[in-house]
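Engineer: Quick one, structure for this:
(one chain, ligands or ions: 1)
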Amino acid sequence: MKENIEKLKTEILERLGALSTNKLFYEAQKEFLGKSGKITALLRELGKASKEDRPTLGKLINELKVWAESQFALKEKEVNQAELLARYENEKLDITMPSETKEVGSLHPITHIKNEIIGIFEGLGFEVFEGPEIEDDFHNFSALNVPKDHPARDMQDTFFVGEDLVLRTQTSPGQIRVMHSKQPPIKVLVPGRVFRVEDDATHSPMFHQMEGLVVDKGLTVRDLYGVLDYLAKKLFDDETKTRLRPSFFPFTEPSVELDVTCCVCHGKGCKLCKNTGWIEVLGGGVVHPTVLKNGGIDPEVYSGIALGIGMDRIAMLKYGIPNIKLLFDNDKRLLKQFK
Ligand code: DAH
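Structural biologist: As a prediction, this is how the structure comes out:
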């Protein structure tokens, strides 16, 4: 039995020396020190030994057990430490590596212009209203004083989506919708996409307008001019001069167009303004009494002023964009310039 004890000692040392992982360590621990392990087995065999030998042998086995436990405890530390180091090595991060950069987007030039115009009018107490992009004939034409078969319909080549439905050709139908939902005094802006059958360097089948409408008592073309001049100076710069030219729109009487001094040559004459020094920027007028009536407002009591701005044109003028298609190509090289 004494021999067996010595053998077990050597066996334990050999096993501990050879193992390097946690898993193998716990397997060995169970094999030698477990309930049915080899040292417990020795203790059981003690019964077979002679009475005289039993105390010495018992002491030897107990010593073996204490020794083995301390050997295993030492090895456990060593193995755990080695595993930890291996994990550190595996999970090492190179914090000097360049990180993945995320590009931040930018607002579209049209959105810039839209926000800018809304910002200017907000200061004057205007609210924003948005109407549908598919309109019925009544809102897009008839209520705006453009009856069926009237030649004024030819001014705006229309996309039809049904017998009575069109892709709105202008944001002016928003005027009718606002008048039906609000009582004067009214001060609103109606921004939105509009659609017409036209396509060249300065026209796109889809473009953007901003409608403005004020309804109150005693408004005249002078009020309109005041608003338009203020808008032009804010949108371009304080040096900008403005002038009204008589024009025609079925929904306003009188109707005007606003010219501003050219933002490139400041009135001296250049290619952009075709040497006139002036650039046309928007249409407007005093709301036609029939339009007020169609909006449910008494033209004997109230009057209105209205304006319509092509936002794409303003963006092209302000940012020097030569072709309207550039606005809708979604080319990042252009969009990046508007961060
Ligand atoms: N709706 C017109 C167009 O698309 C623009 C316009 C002109 C709107 C005069 C107005 C206005 O409100 O008063 O050409």
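
Engineer: show me the contacts for residue 209.
Structural biologist: For residue 209, the contact set (C-beta atoms under 8 Å, 6 or more residues apart in numbering) comprises 170, 171, 191, 192, 194, 308, 309, 310, 311. Placement of C-beta: from N, CA and C, glycine included.

Engineer: Among those, which are located in helices?
Structural biologist: In this view, the contacts of residue 209 that belong to helices under DSSP state H are residue 311.

Engineer: Type out the ChimeraX command that picks the buried ones from the contacts of residue 209.
Structural biologist: Entered in ChimeraX, the line below selects the buried ones among those, by 16 or more other C-beta atoms under 10 Å:
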select :170,171,191,192,194,308,309,310,311
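
Engineer: What is the three-state secondary structure of the closest residue in space to residue 43 that isn't next to it in sequence?
Structural biologist: Take residue 43 and drop its neighbours on the chain: the residue closest to it by C-beta to C-beta, 6 or more residues apart in numbering is residue 61, 5.6 Å away. Look at residue 61: counting by DSSP: H, G, I helix; E, B strand; the rest coil, its state is helix.

Engineer: so how far is residue 257 from residue 61?
Structural biologist: For residue 61, the distance to residue 257 equals 112 Å [C-beta to C-beta, to the nearest Å].

Engineer: before we move on, what about residue 311?
Structural biologist: 16 Å.

Engineer: Show the contacting residues for the closest residue to the ligand within the stretch 1-150 of the chain.
Structural biologist: Residue of the stretch 1-150 of the chain nearest the ligand, by C-beta to the nearest ligand atom: residue 144 (8.0 Å). When contacts are counted by C-beta under 8 Å, 6+ apart, residue 144 touches 172, 173, 175, 176, 250, 251, 291, 294.

Engineer: What is the burial count for the first one?
Structural biologist: It stands for residue 172. 30 (other C-beta atoms under 10 Å).

Engineer: hang on, isn't it packed against residue 309?
Structural biologist: No: counting by C-beta atoms under 8 Å, residue 172 sits too far from residue 309 to count as a contact (11.7 Å).

Engineer: Return the set of residues that bridge with the residue of the stretch 201-339 of the chain found nearest the ligand.
Structural biologist: Here the stretch 201-339 of the chain gets closest to the ligand at one residue, residue 308, 2.4 Å apart by C-beta to the nearest ligand atom. Beta-bridge partners recorded for residue 308 (DSSP bridges): residue 211, residue 283.

Engineer: Domain ranges for this structure, per the record?
Structural biologist: By the assignment in automatic domain parsing, the chain contains the domains 2-90, 109-338.

Engineer: what are the ranges of the helices in the stretch 51-200 of the chain?
Structural biologist: Ranges of helices in the stretch 51-200 of the chain, per DSSP state H, counting those that start in this stretch, are 53-90, 109-122, 137-140, 173-181.

Engineer: In the stretch 51-200 of the chain, which residue sits nearest the ligand?
Structural biologist: Residue nearest to the ligand within the stretch 51-200 of the chain: residue 170 (3.6 Å; C-beta to the nearest ligand atom).

Engineer: show me the contacts for the closest residue to that residue other than its chain neighbours.
Structural biologist: Excluding its sequence neighbours, the residue lying closest to residue 170 (C-beta to C-beta, 6+ apart) is residue 194, at 5.5 Å. Counting by C-beta under 8 Å, 6+ apart, residue 194 makes contact with 167, 168, 169, 170, 171, 206, 207, 208, 209.
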